[in-house]
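**Q** Fold the following and give me the result.
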Amino acid sequence: MIMLSKLSGILIFLSFLVTIFAYFFQNNMIIVAGIFAWIAFLVLFFTLKNKTLIIVLLLLSFLGYIIVLVNNFEINLIKIFTVNQYLLALLIGVGFLRLIAMPKKDKTSSLPKGKKSFIKTYLSVHLFGSVINLSSLILVADKMYKKAPLSKSQIILLTRAFSSDAYWSPFFVAFAAAITYAPKLNSSVIVINGIILAFIAFIITYYDVIKEKAYDIENFYGYPLSFNSLFLPFLLALLVLITNNYFPDLKVIVLISLFSIIMTIIILPIKKGIKTSFKTLTIHITDELPKMKSEISLFLVAGMFGIIIGTILIGLNFTLPFTNFDWKIASLLLLSFIILSFVGIHPIITISIIGDYLSGVNHTFLAVTFLMAWSTTVSTSPFSGLNLTIVARYACSAKEIFMINISYAIKMYIVCIICLYILSNYFDL
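**A** Numbers count the residues shown, from 1 in each chain. From the prediction side, this is the model:
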């Protein structure tokens, strides 16, 4: 079984390399990348801890495909297996950044306590999490958990600081999903709007913890990280922005994926030497990439399911119950995302289903709605990857996390509605 796992890691890495190659040189080779990814999925399928959702989606996809065949609907078979390929490339590429950009702890002899500690730790999780994703949260949470079980204020910080990255970070899978189904989006508007939302999320969170005595903010112990480590993430962002400025037609998520692996290959030997670097890369490919099996499985199957459902709806001449995608419709769509996430429907599934169907609306406005949905649901839903990790790794209660963050989700939903109203009415989106 260990050998199969290592084989799957190699297949995932090959899928990543072929995806990048296909984008720049031979576009029809994207199906080869998809085949590698699907074989890896099949190899890892029986090692998945929670297979129920994947099995349900596979069965529904099979039934949907039967309907497509019976009715002779036109379907893009290549797209079925590759629709989320660039999204997977980002997920895999950014994972390599952990090898060169893992933040170091603050070198002060005693960690700050109280409000100062809360603010510094929040910023640490948020900024590093925006680039190296869940790794930053685990790094901080592990240190907190060694000292004592996670307190309510620590859970609030971890869930909200990390999830609010999805509002704006181009290095997040949420952004990749948005750009996959809304490719004509304006990245600048997305990032600026998202940063504003992330700042508001911080203000709401900080106010929540200082006003509620039960959170005992004065005795909060965090784990701030050294901000010197932000050099590499900022360098990556700069490379992507400069390249995108000269070659605006190139996909941002492909550039991030490409520069992530290039930076890793160049910088890792400088930091660790050639021999150690080769060993580190090998371990990452054979041992760490297979650990992404849950995300890879979900994105592959959800993408396939979404394409099949979209094909059926188009074949049946289904029309949307609205003609103008304004802030009111976007607000209702956002609410449906949130409610569905609370019953276990991951945002990527909903996005996959409706993404193609809303291809005719303003892509920037649609992408903003997608990112709002992803960020707001991840912090609160008991079924999100973030909360499942916290529950499993730190012996927390899913119900407690939900109850702590539900008021936050409601507040952010209201903030998002206001934001959508402004974008729709004053920025002509």
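**Q** Show the average pLDDT along the longest helix seen in the chain.
**A** Taking DSSP state H as the criterion, the chain has its longest helix at helix 398-426. Across helix 398-426, pLDDT averages out at 95.
**Q** Next: stretch 265-275.
**A** Averaging pLDDT along stretch 265-275 yields 92.
**Q** Now it: buried residues?
**A** Within stretch 265-275, the residues scored as buried using 16 or more other Cβ atoms under 10 Å are 267-269. For the C-beta atoms, the positions are set from N, CA and C on the backbone; glycine is no exception.
**Q** list the contacts for Asp165?
**A** By Cβ atoms under 8 Å, 6 or more residues apart in numbering, Asp165 lies in contact with 126, 129-130, 133, 172, 198, 375.
**Q** hang on, Val391 packs against Phe402?
**A** No: counting by Cβ atoms under 8 Å, Val391 does not reach Phe402; the two are 10.5 Å apart.
**Q** Would you map the helices across the stretch 101-250 of the chain?
**A** Secondary structure of the stretch 101-250 of the chain (DSSP state H, counting those that start in this stretch): helices at 115-132, 134-147, 152-163, 173-181, 187-211, 231-246.
**Q** could you dump these to CSV with distance to Ile274?
**A** Output for the helices of the stretch 101-250 of the chain, formatted as CSV (distance: least, Cβ to Cβ, whole Å):
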stretch, distance to Ile274
helix 115-132, 23
helix 134-147, 24
helix 152-163, 34
helix 173-181, 31
helix 187-211, 36
helix 231-246, 19
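**Q** Out of those helices, the one nearest Phe16 is which?
**A** helix 173-181 (13.1 Å; Cβ to Cβ).
**Q** Among the helices of the stretch 101-250 of the chain, which comes closest to Val343?
**A** helix 152-163 (18.4 Å).
**Q** Low-confidence ranges, the stretch 201-350 of the chain, go.
**A** Low-confidence segments of the stretch 201-350 of the chain, defined by pLDDT under 70: 227-230.
**Q** now Leu59: how far from Lys328?
**A** Counting by Cβ to Cβ, to the nearest Å, the gap from Leu59 to Lys328 is 35 Å.
**Q** Mind putting the buried residues of stretch 265-275 into TSV with distance to Ile338 and secondary structure?
**A** Listed next are those as TSV, based on distance: Cβ to Cβ, whole Å; DSSP: H, G, I helix; E, B strand; the rest coil:
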residue	distance to Ile338	secondary structure
Ile267	40	helix
Leu268	40	helix
Pro269	45	helix
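**Q** Going by distance to Ser359, which of those residues wins?
**A** Among those, and counting by Cβ to Cβ, the member closest to Ser359 is Ile267, at 38.6 Å.
**Q** which residue packs closest to the closest one, ignoring adjacent ones?
**A** Ile100 (4.7 Å; Cβ to Cβ, 6 or more residues apart in numbering).
**Q** Ile329 reaches Thr323, doesn't it?
**A** No: with contact defined as Cβ under 8 Å, Ile329 does not count as touching Thr323 (9.6 Å).
**Q** of the two, who's got more company?
**A** It is Ile329, of Ile329 and Thr323, that has more neighbours when counted by other Cβ atoms under 10 Å, with 20 against 8.
**Q** Contact partners for that one?
**A** Residues near Ile329 by Cβ under 8 Å, 6+ apart: Phe322.
**Q** again with Ala174
**A** Ala174 sits next to 166, 347, 370-371, 374-375 when contact means Cβ under 8 Å, 6+ apart.
**Q** I'd like these laid out as JSON lines, including distance to Leu241.
**A** Output for those, formatted as JSON lines (distance: Cβ to Cβ, whole Å):
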{"residue": "Ala166", "distance to Leu241": "20"}
{"residue": "Pro347", "distance to Leu241": "26"}
{"residue": "Phe370", "distance to Leu241": "22"}
{"residue": "Leu371", "distance to Leu241": "19"}
{"residue": "Trp374", "distance to Leu241": "23"}
{"residue": "Ser375", "distance to Leu241": "22"}
